[in-house]
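J.: quick one, what's the 3D model for this:
(2 chains, ligands or ions: 2)
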2 protein chains.
Amino acid sequence: MKLNYKIIFHFLGLLILFNGGFMLLSTLVSFLYNDGVTNNLSIAAIITLALGSLAMLFTRKHNKEMNKREGYIVVAFGWIIMALTGSLPYVVTGSIPNFTNAFFETMSGYTTTGASILNDIEAMPKGILFWRSLTHWIGGMGIIVLAIAILPLLGIGGMQMFAAEAPGPSADKLHPRITDTAKRLWLIYFGYTAAETLLLNVAGMSFFDAINHALCTVSTGGFSTKNASVAHWNGQPIIQYIIILFMFLAGTNFVLSYFAFKGKVQKVLHDEEFKLYFRFVAIFTIIAAVLIYFRADVSVSSIDHPMVWGEGESAFRHALFQVLAIVTTTGFVTADYTLWTPFLVVFFFGLMFLGGSAGSTSGGVKVVRHLLLIKNGFLEFKRALHPSAILPVRYNMKAISGDIVFNILGFFILYMLSFIIGALVFSMFELDFASAIGLSASSLGNVGPALGDFGPVNNYAALPPLAQWWASFLMLIGRLELFTVLVLFTPFFWRNR
Amino acid sequence: MKLNYKIIFHFLGLLILFNGGFMLLSTLVSFLYNDGVTNNLSIAAIITLALGSLAMLFTRKHNKEMNKREGYIVVAFGWIIMALTGSLPYVVTGSIPNFTNAFFETMSGYTTTGASILNDIEAMPKGILFWRSLTHWIGGMGIIVLAIAILPLLGIGGMQMFAAEAPGPSADKLHPRITDTAKRLWLIYFGYTAAETLLLNVAGMSFFDAINHALCTVSTGGFSTKNASVAHWNGQPIIQYIIILFMFLAGTNFVLSYFAFKGKVQKVLHDEEFKLYFRFVAIFTIIAAVLIYFRADVSVSSIDHPMVWGEGESAFRHALFQVLAIVTTTGFVTADYTLWTPFLVVFFFGLMFLGGSAGSTSGGVKVVRHLLLIKNGFLEFKRALHPSAILPVRYNMKAISGDIVFNILGFFILYMLSFIIGALVFSMFELDFASAIGLSASSLGNVGPALGDFGPVNNYAALPPLAQWWASFLMLIGRLELFTVLVLFTPFFWRNR
Ligand SMILES: [K+]
Ligand SMILES: [K+]
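T.: Ligands and ions are numbered 1, 2, ... in the order given. Predicted structure coming up:
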């Protein structure tokens, strides 16, 4: 079957239009704060809106039929076209004059990675900072649709497991309409953002900082309006606990949040992925807190650490904050964890591969995949001893088909392969071992801060241009669960049959 | 069924006796070179022989029935008991007075890892050096039986794929007799050792150095009789090319060597694993050689690099040597590759996960597993586009059952998990990032040299005692394809039903 290019361009046009709408919102913010870039921002918005309208106009007479292949193309090129048009506000206002840098910052935004090439964030116009946070928030919205409505249909990396849970289209063909489920989950996403903004504002953040941090928390993005990230509020523990709460919620499957609001709390508490996610966070926090308290000296850092509520609380808070920031792949920073102890460096590096829950906005491998891998691993031992026994992997009381376990195993291996190739390419730019390895894990997992020269207190400005493109690529494939992008590189994908 | 402990002890007794026999051989070498430790070595041999005889004597009336569980125990505890009794020569002669050090050196020997805690190898008595090389050679013999006769029966990590190739017992129960196949392969192993000894001797090595390096090459062990390892002969390229040849052969499936000697050369040239192994070595050598020639300065090293045949040949030789040393997990050193370029550090780190061929004496993941993972990965993409198509993985013209692919995927994930836990534990000893990561990859893959403070020009003497035990554990589980040892830690293994 020939590819239906028209419908692809139609959807891409819709996405660009949508992007332009959000740019208008940033223009409004720019106007309200009178930051001097309002005219340029409106130009970027108009260009984007015009591009989107033209694409939709030229493709309005399209065949409605859409198959898997068109789905893959819309998803992968959708993210790319968002990043391309999303770079306009930076370039047109001159905030980030270099296109490579602007594209990197935007891709880091839409993939909710939060790696930044900005040296002085606080000097940026407010409209641009707001746009920067919005790219995270838009990316997060995209991820929710992707996880709930698209990936299950494409049958990627075991995510078909969740197809039954989410009410929506169940046919093999892609449903062009955004499902009801996605709308409900977006409502929760929006509600969390509003609630966090309010709480942060009440706790003492300015309204502007509050809304920006809320946009970047619920999307597990991690951009901050301050140069020191959330460490800027190290003297205000309440603010950090609010962010901790919302990082935890953002790393939870949004479908579970929906159940909780519907009063089905038992369903949440019995969800195996949620239980393991909670345990992971609890155990890793205890380990980190004990080590910080007894072994590490937090004052050896370029970051201020006023211990307003005592040393014990400080150790606990920074442990919990950084564990959640890495596990949920938000990437906010309250301390330079690479200076704590050598063990904690490897520890946080390992956590970059964990990821939050499926159906959340977090990146990485995801807890459910680890859960099924662990369960399957145990069963492999049993199978080796009793080859004739039939031992299916069970998840939430249901037997999981061998195909899904197979997909998850395949996903994990492809993830590790991408990681090692990622690190190899970075090391070509004369980066040291820890930096190359850390950059690859962080980009692929959409975490943000890495190790070495690109650790929590550094930014990505020193990364060579070609390496920025490579990081953008890794962020993209990591965000889109690898297969969605990589399948486009196989020759048989493009074969019309 | 209850465990048949008697037959387990009977086999362990046999192994100890076998070990004692080889100690007598070392005693003879000690006597011939009049190195002053002949008496002490003979005491170690007599203790070992007595222990083995007693164990066999007390268990001579054993039930002949042996099942999988007994098989696992014999394999895992066999390696441990060999390392325990094998430490005696070091301790009794006072060459390595500390037991932890002696056990580490011996486990490093039997697992063919080649990591050493000796600061001055050249000061050791000749009988002890010979014993040290013999531990590699005995370990290599063990690996051949394991790969050809035992792992396929236990159904571990996809190795059942080779069960059909090796003529021998095909029942589900373990055959206590070493098969004919193993004997034929041992003959090749012995032949390669003799041939390499002769060639190295003719090329200018002393007979003692020649036989020791031959024992350590064919077993892909990597112990050397010189402090500088094979870099000692950097001025004699011929010697290094001979070692290169035998590293390559030792990393090839010994069954293929057998076919070659039987004149079935076509069977070798059409073997998919062999082809990929050859290509890997060729491609990686070209990459490394080009980088060394154009970008690296080999003279920045504590190792002498006389370029007797010119700079080009030197770059090619060191590239080929180090690629083969890491891919085949031999771990010999001719240059400090961690000083070449940042890319080559990550490159050689990545190669530690490759491993040689299945059915060879090399460690690591093995080429055939990578091959099937790559093939399955491609098919996963096709399956995602065409879910109804049945697309089996093919290897050497045969369709591989889904179970075997599943086993291999499971093996790979367990390997990566062991690697990350391995690195986490090492980092508890305040080792830096590269050292902890490198030690874990090197120990698990039985390579020998690691990165950072335990790189190619360092030894393991600075590793804290507890970390030496941890490294020993990783070497053991890596050598025995993980499952064989780790299954002993599952509660259901010990349940009698
Ligand atoms: K992030
Ligand atoms: K080795």
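
J.: okay, now A:A83: neighbour count?
T.: Using other C-beta atoms under 10 Å in any protein chain shown, A:A83 has 25 other residues around it. For glycine as for every other residue, the C-beta is placed from the backbone atoms N, C-alpha and C.

J.: pretty sure it sits in a helix.
T.: Yes. According to DSSP: H, G, I helix; E, B strand; the rest coil, A:A83 belongs to a helix.

J.: the residue nearest the centre of chain A: what's it in contact with?
T.: With distances taken as C-alpha atoms, centre = their mean, the residue of chain A nearest its centroid is A:T112 (3.7 Å). A:T112 sits next to A:136, A:139-140, A:143, A:219-222, A:329, A:361, A:363, A:446, A:479 when contact means C-beta atoms under 8 Å, 6 or more residues apart in numbering or on different chains.

J.: now A:L187: how far from A:G359?
T.: A:L187 is 15 Å from A:G359, where distance means C-beta to C-beta, to the nearest Å.

J.: which residues of the stretch 1-150 of chain A score low on pLDDT?
T.: Residue ranges of the stretch 1-150 of chain A with pLDDT under 70: A:1.

J.: could you report the neighbour count for the residue in it that ligand 1 sits nearest to?
T.: Proximity of the stretch 1-150 of chain A to ligand 1 (C-beta to the ion) peaks at A:G114, 3.9 Å away. Number of residues near A:G114 (other C-beta under 10 Å) recorded here: 29.

J.: pretty sure it belongs to a helix, no?
T.: No. Counting by three-state DSSP, A:G114 is not found in a helix; it is coil.

J.: how close does it get to A:S435?
T.: 18 Å.

J.: how is the residue lying farthest from the centre of chain A assigned, secondary-structure-wise?
T.: No residue in chain A sits farther from the centre than A:S388, which is 42.2 Å out by C-alpha atoms, centre = their mean. Here A:S388 is coil, with the state taken from three-state DSSP.

J.: not counting its neighbours along the chain, what's nearest the residue nearest to the centre of chain A?
T.: A:G221 (4.3 Å; C-beta to C-beta, 6 or more residues apart in numbering or on different chains).

J.: just to be sure, that neighbour is in a helix?
T.: No. Per three-state DSSP, A:G221 lies outside any helix segment and is coil.

J.: go ahead and confirm it touches A:L134.
T.: No. In this structure, A:G221 is not within contact of A:L134 by C-beta atoms under 8 Å, at 10.0 Å.

J.: more neighbours, those two?
T.: Neighbours per residue (other C-beta under 10 Å) separate A:G221 from A:L134, with A:G221 holding more: 33 against 26.

J.: who touches the more buried one in this structure?
T.: So A:G221 contacts A:109, A:112-114, A:133, A:135-137, A:139-140, A:215, A:330-331 (C-beta under 8 Å, 6+ apart).

J.: repeat for A:Y72
T.: Counted by C-beta under 8 Å, 6+ apart, A:Y72 has contacts A:154, A:484, A:487-488, A:493.

J.: hmm, 10 Å instead?
T.: By C-beta atoms under 10 Å, 6 or more residues apart in numbering or on different chains, the contact list for A:Y72 reads A:150, A:154, A:156, A:174, A:480, A:483-488, A:493, B:384-385.

J.: by pLDDT, give me the weakest of those.
T.: By pLDDT, A:L174 ranks lowest within the contacts of A:Y72, coming in at 35.

J.: A:F274 - how many residues pack around it?
T.: Counted with other C-beta under 10 Å, A:F274 comes out at 18.

J.: for the residue nearest to the centre of chain A, phi and psi?
T.: Dihedral pair for A:T112: phi 50, psi 40, per degrees, to the nearest 10.

J.: ok, back up a step: who has more neighbours, A:L187 and A:G359?
T.: Between A:L187 and A:G359, counted using other C-beta under 10 Å, A:G359 has the larger neighbour count: 27 against 13.

J.: thank you, goodbye.
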